[in-house]
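S.K.: What follows is a predicted structure for the sequence shown.
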Amino acid sequence: KHAYRLVTLAEETAKEIGCSEQEIHLIHLSALLHDVGKLGIPDAILDKPGPLTEEEWEVMRLHPQIGQRILSQAGGIFATLAHVIVAHHERWDGKGYPLGLSQHQIPVEARILAIVDSFDAMTSQRVYREPTSIEEARNELLRCAGSQFDPEIVIAFLRVLNRSLSTSEVLSDAFSQQVAEQTSIPIA
């Protein structure tokens, strides 16, 4: 469900920043497959109901590279996605993982996925915490623009989100209740 929630918002954000049809297609597939590397992570870590230990985080941080290997070995269009999947936890400031890429070294598709993935993670129910409101998630994205996230893509994503909240066309079922409770989210 998480991957499917990402698809539309990622595609719409890609359109908002002027990505080509080929890039939008890659974003669609990347959103669906971004966490394929978690197949190589033990269930005890993936399903843990509380915070991960540092050792568990070290294992969890391997999933982008595992995903890259899986897709590279699959070949074809999947091999094309490998460079995006390995980079979806990189940060604009270079403090991400696994390669420490920064700014435009990170594929645009991965920069979009990082923002949409983080938004969905914040606003979705987790075993270990309640979801944040859309407003709180929006503020967190703005706070992290320029450090964790590409600031231009954050603004583009928030424009897409604002439109989706206004029209309810791109919202998944996960956001329906929050949309009903909130009137609007202004874009700074």
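M.R.: Right, received. Where do you want to start?
S.K.: excluding its backbone neighbours, what's nearest the residue nearest the centre of the chain?
M.R.: For the chain, the residue nearest the mean C-alpha position is residue 117 (2.0 Å; C-alpha atoms, centre = their mean). Spatial nearest neighbour of residue 117, chain neighbours left out: residue 6 (6.2 Å); criterion: C-beta to C-beta, 6 or more residues apart in numbering. Bear in mind the C-beta positions are built from the backbone N, C-alpha and C, glycine included.
S.K.: Show me what counts as buried in the host helix or strand of residue 13.
M.R.: In the assignment (DSSP states H and E), residue 13 maps to helix 2-16. Residues of helix 2-16 classed as buried by neighbour count (16 or more other C-beta atoms under 10 Å): 3, 5-14, 16.
S.K.: Stretch 119-128 now?
M.R.: Buried residues in stretch 119-128, counted by 16+ other C-beta under 10 Å: 119-120, 122-124.
S.K.: residues making contact with that stretch?
M.R.: 2, 5-6, 9, 47-51, 131-134, 136-137, 140-141, 157, 161, 174-175, 178 (C-beta atoms under 8 Å, 6 or more residues apart in numbering).
S.K.: go again using 7 Å as the cut-off
M.R.: Outside of stretch 119-128, the residues within contact range by C-beta atoms under 7 Å, 6 or more residues apart in numbering are 2, 5-6, 49-51, 131-132, 134, 137, 140-141, 174-175.
S.K.: phi, psi of residue 149?
M.R.: Residue 149 adopts backbone torsions of phi -120, psi 150, taken as degrees, to the nearest 10.
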